[in-house]
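Undergrad: I would like to see how this sequence folds:
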Amino acid sequence: MRFDQHTVVLLSRPSNPPDLPPEAIDRVQSTHLAHQAGFVEQGLVLAAGPFLDADDGQLRGFVVFSISPEEVRALYADDPAVRAGLLVARVTSWMVPEGNVRFESVPMSRSMLEEASGD
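TA: Next up, the predicted model:
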């Protein structure tokens, strides 16, 4: 059997994030979304989105990349939410039977305002 290999990022909250005021958290979240959207615009992301109702309240999001784990680790070293200590990016390889998973190209929100509007 042949396999496709993708790089997956699990975004989670650290066990003790910094205590920031809500407006600072909103600013970091908006810059994080813009950073993620840049990956999409570059054609690096196959799929991405937040987790809802997870058993583990620490899990925040999931991203599937078309590039190597080393390249993804370098990208997340510059992510504003990771640098601020609000998110941790756990990077791994994911193998699925060849052709078993397909990804459609869809836009990603660049800001909290865009996310809230649903556009």
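Undergrad: Excluding residues flanking it in the chain, which one is nearest residue 1?
TA: Nearest residue to residue 1, sequence neighbours excluded (Cβ to Cβ, 6 or more residues apart in numbering): residue 97, at 5.9 Å. (Glycine included, C-beta is placed from N, CA and C.)
Undergrad: what bridges to that neighbour?
TA: residue 3 (DSSP bridges).
Undergrad: That one: neighbouring residues, count only.
TA: Applying other Cβ atoms under 10 Å, we find 10 residues neighbouring residue 97.
Undergrad: For residue 4, see how far away it is.
TA: According to Cβ to Cβ, to the nearest Å, residue 97 and residue 4 sit 8 Å apart.
Undergrad: again, but for residue 38
TA: In terms of Cβ to Cβ, residue 38 sits 24 Å off from residue 4.
Undergrad: Can you list the low-confidence ranges for this protein?
TA: Residues of the chain meeting the criterion pLDDT under 70: 106-119.
Undergrad: Please repeat the previous calculation with a cut-off of 90.
TA: Low-confidence segments of the chain (pLDDT under 90): 1, 3-4, 37, 40-41, 43, 47-57, 66, 96-119.
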